[in-house]
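Colleague: sequence first, predicted model second:
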Amino acid sequence: MQQEEFETLVKDLCQKETLPEVLEALKASEEQEVVDAAVSLTGQFQLAEIDNEKRIYHVFTQENDDGEEEEYVEWVMNDGDEMLKFVAWFFYIMFEIKHKDTYQVVGRTYLQQKRG
């Protein structure tokens, strides 16, 4: 994907209001790699209420060192967060594009969360 196409896609995705809308837009992309990545994530998100926040998690299974399937859970964003957070996560996880590069497309600065 060319830089200009990436920028156009990111800007379009950030206009969506929900994670399902973003995934559908990704599946409709002209870039087959993007479509395949979006399809591979379908059905892998769950909403959970923790500390009075509705959090969206990526839930997936992966083979561990012993060759056994193990379930992993990764916090992606909170329900109600702007879609840029998910878009940046998607392009980092699937294509190793840094969060700051995705945020930069829409004129924003990525602030990495402090680990506590």
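Modeller: Looks like it came in fine.
Colleague: and the helices in the protein?
Modeller: 3-13, 19-27, 32-41, 83-95, 99-105 (DSSP state H).
Colleague: buried sites along the last one?
Modeller: By that I understand helix 99-105. 99, 102-103, 105 (16 or more other Cβ atoms under 10 Å). For glycine as for every other residue, the C-beta is placed from the backbone atoms N, C-alpha and C.
Colleague: point out where the protein drops to low pLDDT.
Modeller: Applying pLDDT under 70 to the chain picks out residues 114-116.
Colleague: can you pull up the most central residue in it?
Modeller: Nearest to the mean C-alpha position of the chain, by Cα atoms, centre = their mean, lies residue 90 at 2.9 Å.
Colleague: surely that one and residue 27 touch.
Modeller: No - using Cβ atoms under 8 Å, residue 90 is not in contact with residue 27; the gap is 11.9 Å.
Colleague: what do the two both touch?
Modeller: Shared contacts of residue 90 and residue 27, defined by Cβ atoms under 8 Å, 6 or more residues apart in numbering, comprise residue 38.
Colleague: quick check: most distant residue from the centroid of this protein.
Modeller: Largest centroid distance in the chain under Cα atoms, centre = their mean is residue 66 at 28.5 Å.
Colleague: any idea how far that residue is from residue 44?
Modeller: 23 Å (Cβ to Cβ, to the nearest Å).
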